[in-house]
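Sharing a model prediction with you, sequence too.
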Amino acid sequence: MTPHRMERTLHHWGLMVGLVAALATAAAPLDAQPPAVANPGAQNPGTDRQQIASWVADLDANSFNRRDEASLKLIQAGVAAVQPVLDAIQQGSPEVVLRGVHVLLEIAVVSDDDEQPQARQALQKIVQDSNRSAARRADLALRSLDETRARRAADFLTSKGARITEGKYYSGSQLQGLLPTLEISNEWLGTERDLKQIRWLNEVQQITFQGPNVKDEWLRNLEGARQIRSVQFKHARISGKSLASLKSIPELRFVSLLYSPVDDEAVAELTALANLSSLRLYGTRISVDGVQKLRETFSKELTNIDFRQGGFLGIQAQRQGGVCEIQLVQPDTAAAVAGLEAGDFVLTFGGERVVDFESLTRCISKHGAGDEAKIEVARQGTTRTPSFARGTATEFGAVGKESNLGLEVTEVKPNSLASEIDLRVGDTILVYRGQRIYSPQDFDAAFRADPEAKESEDLIRFVRTPKLLTLTAKLGEWE
């Protein structure tokens, strides 16, 4: 091997070490002053094409010092050198490829992709169009560039008040897991332009905008954030039209609008999100008609639309049987703080009668998070569900009066169907033959509904010695 070839071979390795060192230098904070050699175009704003062509030719010079000086001069020339260097890479020797990719990387590291995207575009072109060796080096350079920018962007955004954490994400009301999340809240001290750094956070998959300081203009900076899968807005005072920016996020699957005052103006923008898997609308101003339009647009099998208008109580209740019987009270919720218990029958909510769980949900939807509501419940009763054969009986044999819990028995006739099932004065009939019972008229209508069913067994549900309570709940928020 000739001394000249040996010099070039050794210098290939030297350039790779230099590439790593350059990237380490580039990892400084965005608002720090970069080293003099890494400020493309600033030192020689008047660099002409002839000078640049001369330096490009020197990338393949026999002299090591000339090659090094040419690389430095081209980096200093900045974006003006990009196209000549790209042309040389596509036609040049391995030495030119190695040095040219390094030059483009250095220019790209300190360039603003909005105003000076040429260096990154040149590297991308090499990956797509050039020979295997050049494409491999350019691909490595692009990955290193993205990693460097991700680190710098994370440091910069957190210095301005953002938080990077592991955040929950949901499909409807079901927790799916955790995603690397960027949180922008009222602690944000930066500008709208500063948020452009979001696009470089290649590991962040969810963004949460929280608080009344969030502005429509901030959402423009989500454009091009190709890594984002989930966006959440909570108490964000944004308009429906601002959601148009979400269309530019190709991997977006989950959107949550929580207690943000968007209205039906948002419907058109949301229906444009063709790849949406989950849409949560809690405490917004979108109407029932607007939600219906969304449901008609999206496939029920592919998109989970979870629409909730009111605050959060925190119970699970029986959905069948004609009553609203609480089965579970979630800890640390409005229901738990109010004193609701499993086994309670919900009678009224906010002054409205509760017939079943669906009616309770409708009542809650009229009250927002933070609102207080009176809840009347029946507790500590013994619930019974006997069955009996009516036979030829034309009456049941019990007299009662209407109450919020049900039909309160005031008299039981001897030797009647009522006495046979041990119904007593003071008991309250809740359900008969699947019908919710409140008044004597409700019971008579259910008893006489099918006079031919003499041989079938009728089911009746009543509760003995209930305790009536009135509790106050301050509704919370859905997550």
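On my side now, so go ahead. Numbers count the residues shown, from 1 in each chain.

Surely residue 166 is in a strand?
Yes. Counting by DSSP: H, G, I helix; E, B strand; the rest coil, residue 166 is found in a strand.

how close does it get to residue 65?
Noted for residue 166: a distance of 51 Å to residue 65, by C-beta to C-beta, to the nearest Å. All C-beta spots, glycine's among them, are computed from the backbone N, C-alpha and C.

And residue 80, by the same measure?
Computed with C-beta to C-beta, the distance linking residue 80 and residue 65 is 23 Å.

These two: who's more crowded?
The neighbour comparison of residue 80 against residue 65 (other C-beta atoms under 10 Å) goes to residue 80, with 20 against 9.

Now do the SS call for that one.
Of the three states, residue 80 takes helix under three-state DSSP.

Pretty sure it sits against residue 53.
No. Counting by C-beta atoms under 8 Å, no contact exists between residue 80 and residue 53, whose distance comes to 11.2 Å.

can you give me the helices for the stretch 251-400 of the chain?
265-271, 288-297, 334-338, 357-364 (DSSP state H, counting those that start in this stretch).

for those, which one ends up most surrounded?
helix 334-338 (a mean of 21; mean count of other C-beta atoms under 10 Å).

now for that one, which elements pack on it?
strand 326-329, strand 467-474 (3 or more C-beta pairs under 8 Å, 6 or more residues apart in numbering; DSSP states H and E).

Quick check: which of the ones you listed is buried the most?
Looking across those with neighbours counted as mean count of other C-beta under 10 Å, the highest average goes to strand 326-329: a mean of 17.

Okay, now the sheet partners of that one, with direction.
Paired neighbours of strand 326-329 in the sheet (DSSP bridges): strand 315-317 (antiparallel).

Residue 231 - that's part of a strand, no?
Yes. Assessed by three-state DSSP, residue 231 belongs to a strand.

Distance-wise, check it relative to residue 416.
64 Å.

who has more neighbours, these two?
residue 231 (23 against 15).

how much space between the nearest residue to residue 327 once chain neighbours are set aside and residue 372?
Leaving aside its chain neighbours, residue 327 sits nearest to residue 316 (5.1 Å; criterion: C-beta to C-beta, 6 or more residues apart in numbering). Look at residue 316 and residue 372: by C-beta to C-beta, they are 22 Å apart.

Ok, residue 342 next?
23 Å.

so how far is the longest strand along the chain from its chain's centroid?
With residue count as the measure and DSSP state E as the assignment, the chain has strand 174-184 as its longest strand. When C-alpha coordinates are averaged (C-alpha atoms, centre = their mean, to the nearest Å), strand 174-184 and its chain have centres 7 Å apart.

what is the orientation angle of the helix or strand following that strand with strand 174-184?
Downstream of strand 174-184, the next assigned helix or strand under DSSP states H and E is strand 206-210. On the basis of axes from the mean of the first three to the mean of the last three C-alpha atoms, to 10 degrees, strand 206-210 is oriented at 70 degrees to strand 174-184.

what pairs with strand 206-210, and is each one parallel or antiparallel?
Next to strand 206-210 in the sheet, as set by DSSP bridges, lie strand 174-184 (parallel), strand 230-234 (parallel).

most packed of those?
strand 230-234 (a mean of 23).

pull the CA atoms of it into PDB?
Only the C-alpha atoms of strand 230-234 are listed here, as PDB (Å, rounded to 0.1, in the frame of the first residue of the first chain):
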ATOM      1  CA  SER A 230     -52.200  10.500  21.000                       C
ATOM      2  CA  VAL A 231     -53.200  14.200  21.700                       C
ATOM      3  CA  GLN A 232     -55.100  15.300  24.800                       C
ATOM      4  CA  PHE A 233     -56.600  18.600  25.600                       C
ATOM      5  CA  LYS A 234     -57.700  19.300  29.200                       C
END
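
Residues contacting it, please?
167, 169, 179, 205-211, 214, 222, 246, 249, 252-260 (C-beta atoms under 8 Å, 6 or more residues apart in numbering).

Tell me who's in contact with the residue lying closest to residue 196 once chain neighbours are set aside.
Among residues not flanking residue 196 along the chain, residue 221 sits closest, at 5.2 Å (C-beta to C-beta, 6+ apart). In this structure, residue 221 makes contact with 192, 195, 196, 198, 199, judged by C-beta under 8 Å, 6+ apart.

Residue 324 too?
317, 318, 345, 346, 354, 355, 356, 357, 359, 360.

quick one: average confidence on stretch 101-113?
Mean per-residue pLDDT for stretch 101-113: 87.

Only the buried residues of that stretch, if you could.
By 16 or more other C-beta atoms under 10 Å, the buried positions in stretch 101-113 come out as 101, 102, 103, 104, 105, 106, 107, 108, 109, 110, 111, 113.

Kindly export the helix or strand containing the third one (C-alpha atoms) in PDB.
In this structure, residue 103 sits in helix 94-109 according to DSSP H and E. What follows is helix 94-109 as a C-alpha-only set of coordinates in PDB (Å, rounded to 0.1, in the frame of the first residue of the first chain):
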ATOM      1  CA  PRO A  94     -15.400   7.000  -1.200                       C
ATOM      2  CA  GLU A  95     -13.300   9.800   0.300                       C
ATOM      3  CA  VAL A  96     -15.600  12.400  -1.200                       C
ATOM      4  CA  VAL A  97     -18.700  10.400   0.000                       C
ATOM      5  CA  LEU A  98     -17.400  10.200   3.500                       C
ATOM      6  CA  ARG A  99     -16.400  13.900   3.800                       C
ATOM      7  CA  GLY A 100     -19.400  15.100   1.800                       C
ATOM      8  CA  VAL A 101     -21.900  13.300   4.100                       C
ATOM      9  CA  HIS A 102     -20.000  14.800   7.100                       C
ATOM     10  CA  VAL A 103     -20.300  18.300   5.600                       C
ATOM     11  CA  LEU A 104     -24.000  17.900   5.000                       C
ATOM     12  CA  LEU A 105     -24.600  16.600   8.500                       C
ATOM     13  CA  GLU A 106     -22.700  19.600  10.100                       C
ATOM     14  CA  ILE A 107     -24.800  22.000   8.100                       C
ATOM     15  CA  ALA A 108     -28.000  20.200   8.900                       C
ATOM     16  CA  VAL A 109     -27.300  20.100  12.600                       C
END
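
ok, then the element right after that helix?
helix 118-129.

Can you name every helix or strand that the longest helix seen in the chain contacts?
Criterion DSSP state H: the longest helix present in the chain is helix 132-159. On a contact count with 3+ C-beta pairs under 8 Å, 6+ apart, helix 132-159 meets helix 3-26, helix 94-109, helix 118-129, strand 163-171.
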